[in-house]
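A.B. asks: the sequence and its predicted three-dimensional model are supplied below.
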Number of protein chains: 2
Amino acid sequence: MSKIRLRDIDTVAPENLDKNTAKKEFKKTLKKLDELQNLLYAEGSQSVLIIIQGMDASGKDGLTRDVFTSMNPQGVNVFSFKEPTPRELSHDFLYRVHSQVPPRGMIHVFNRSQYEDIVVTRVHGIIDDKTAKARMEAINDFERLLTRHNDTHILKFYLHISHKEQLERLEERMENPKKMWKYNANDIKESKMWDRSMAYYEEAFNHCNEVPWDIVPADQNWHRSYYVAKKLEHLLTHLHLKYPGMKK
Amino acid sequence: MSKIRLRDIDTVAPENLDKNTAKKEFKKTLKKLDELQNLLYAEGSQSVLIIIQGMDASGKDGLTRDVFTSMNPQGVNVFSFKEPTPRELSHDFLYRVHSQVPPRGMIHVFNRSQYEDIVVTRVHGIIDDKTAKARMEAINDFERLLTRHNDTHILKFYLHISHKEQLERLEERMENPKKMWKYNANDIKESKMWDRSMAYYEEAFNHCNEVPWDIVPADQNWHRSYYVAKKLEHLLTHLHLKYPGMKK
């Protein structure tokens, strides 16, 4: 597998993709996803874990809303991992994520995840390189456990926006009354550590790639949601899901 | 590390150990354990996981009662893992144990554990050899996670009784009104699969030995409890626990 270098990957949609066509296709895809999710739930033998990572304002919440709102909430759960609580910190770093993985039949979405523990923590100097390496190994072990031992299919999306796009979005948060609540004084400080964040993200992508990462061009919201919906559709259609017959 | 062969290991206490001396020593040890556990709790930076495995009637419940009753229950939790529920089965086999591991400061006791999933399941032909091997690797990964990433100290005890001793104990369960509730019609059936159980246990001990196993001669209850208490005391005294000073 070739190494992921973020600076070599576009943050904008491919030129040959027309926005209106993509939007129409997106709507169709959502309908298919609804059906496929229902099938996954009915079959009850496999599960899907969707991991969403990205810098502040990269569109994680928006993506979650766009793609998963139209599915049956009985079969889809979203978990947002914030800064760990003291109770969570009293456990190994995978404890809180393991407790929220999807049982058979379910789709679980992680809005932020175990990858915060090897990126944000490094940016802030909370863990050293040796600990980061050991954690990456533990993450590989963990993802292997889910994949091998519970037929869990994992999709990992990094919402890739340019630094310029991020700054514009953060500014809008300060000015738009409907978005102010999302503004956090720390965001600007964090944004200044952009290059370090990119470097640590790259390392995470290249070390934790037994389940490969999808780098999503995310400067345009319509493209980000379209891209992820199509990937999920592709996965689900290839699971050969079938409605089970009558219970014996 | 030399291979564990159960048939080469005594099920009875060493001859040079006097029962009365051991019992007196055991009482002293319990007092020390109470203090050490308090210290572990106060310090709040390390944790202890005690895994107890053994055949039916090998004394797992008795051991738990003997050793842990006198400790502060705020700092000690016991988890008995029974046959998995449908909900537990809808997850990977480590999900239910991971959710019960000790946070910093705590002692957790697993009465049965993840090792049931590679021994009992094999005895009953529920999983094949390939799955068993993959599970053993996953158990090693899991124990490494706890040890490396959360300063969890793991003690693993196999309560080693002879087949003859087991049969006598099972018979007593059928006859003693105070023990009848523990009797299960399946126990005798299980007992017939003794040799296979021993073989699968041995394989588990020799594959999952990053954290080494303690094979406890357990035909005599007094020896079993004495042995485990001393091992726990040894561990706790070597953690260099200190009462933390005033909070800053």
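C.D. replies: Arrived safely. Everything numeric here is computed off the predicted structure, so don't read it as measured data.

A.B. asks: how about the residues of chain A near chain B?
C.D. replies: Within chain A, the positions near chain B by C-beta under 8 Å from any C-beta of the partner chain are A:44, A:87, A:90-95, A:98-99, A:101, A:103-105, A:134-135, A:138, A:141-142, A:144-146, A:148-150, A:152. C-beta: built from backbone N, CA, C; applies to glycine.

A.B. asks: mind redoing it with 6 Å?
C.D. replies: Taking C-beta under 6 Å from any C-beta of the partner chain as the measure of proximity, chain A contacts chain B at A:90-92, A:98-99, A:103-104, A:134, A:138, A:141, A:145-146, A:148-150.

A.B. asks: secondary structure class for the spatially most central residue of chain A?
C.D. replies: By C-alpha atoms, centre = their mean, chain A has its centre lying nearest to A:Ile52, at 1.1 Å. At A:Ile52, secondary structure determined by DSSP: H, G, I helix; E, B strand; the rest coil is strand.

A.B. asks: which ones are touching it?
C.D. replies: By C-beta atoms under 6 Å, 6 or more residues apart in numbering or on different chains, the contact set of A:Ile52 is A:Lys60, A:Asn111, A:Phe157.

A.B. asks: strands of chain A, residue ranges please.
C.D. replies: For chain A, the strands defined by DSSP state E cover A:47-54, A:76-80, A:107-111, A:152-160, A:213-217.

A.B. asks: the inter-axis angle of the fourth one versus strand A:47-54?
C.D. replies: Put plainly, it is strand A:152-160. Relative orientation of strand A:152-160 versus strand A:47-54 (axes from the mean of the first three to the mean of the last three C-alpha atoms, to 10 degrees): 20 degrees.

A.B. asks: with only the CA atoms kept, save strand A:152-160 in PDB.
C.D. replies: C-alpha atoms of strand A:152-160 as PDB (Å, rounded to 0.1, in the frame of the first residue of the first chain):
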ATOM      1  CA  THR A 152     -17.500  -6.100  12.000                       C
ATOM      2  CA  HIS A 153     -16.700  -4.100   8.800                       C
ATOM      3  CA  ILE A 154     -14.900  -0.900   9.600                       C
ATOM      4  CA  LEU A 155     -14.800   2.200   7.400                       C
ATOM      5  CA  LYS A 156     -12.400   5.000   8.400                       C
ATOM      6  CA  PHE A 157     -12.900   8.500   7.000                       C
ATOM      7  CA  TYR A 158     -10.700  11.500   7.400                       C
ATOM      8  CA  LEU A 159     -12.400  14.700   6.400                       C
ATOM      9  CA  HIS A 160      -9.700  16.500   4.500                       C
END
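
A.B. asks: that older thread, quick check on the residues of chain A next to chain B: which are buried?
C.D. replies: Among these, the ones that count as buried by 16 or more other C-beta atoms under 10 Å in any protein chain shown are A:90-92, A:98, A:103-104, A:134, A:138, A:141, A:145-146, A:149-150.

A.B. asks: remind me, longest helix of chain A?
C.D. replies: Identified as the longest helix of chain A according to DSSP state H is helix A:19-43.

A.B. asks: what about that one, distance to the chain center?
C.D. replies: For helix A:19-43, the distance from its own C-alpha centre to the chain's C-alpha centre is 18 Å (C-alpha atoms, centre = their mean, to the nearest Å).

A.B. asks: ok, now stretch A:167-185?
C.D. replies: Distance, stretch centre to chain centre, for stretch A:167-185: 22 Å (C-alpha atoms, centre = their mean).
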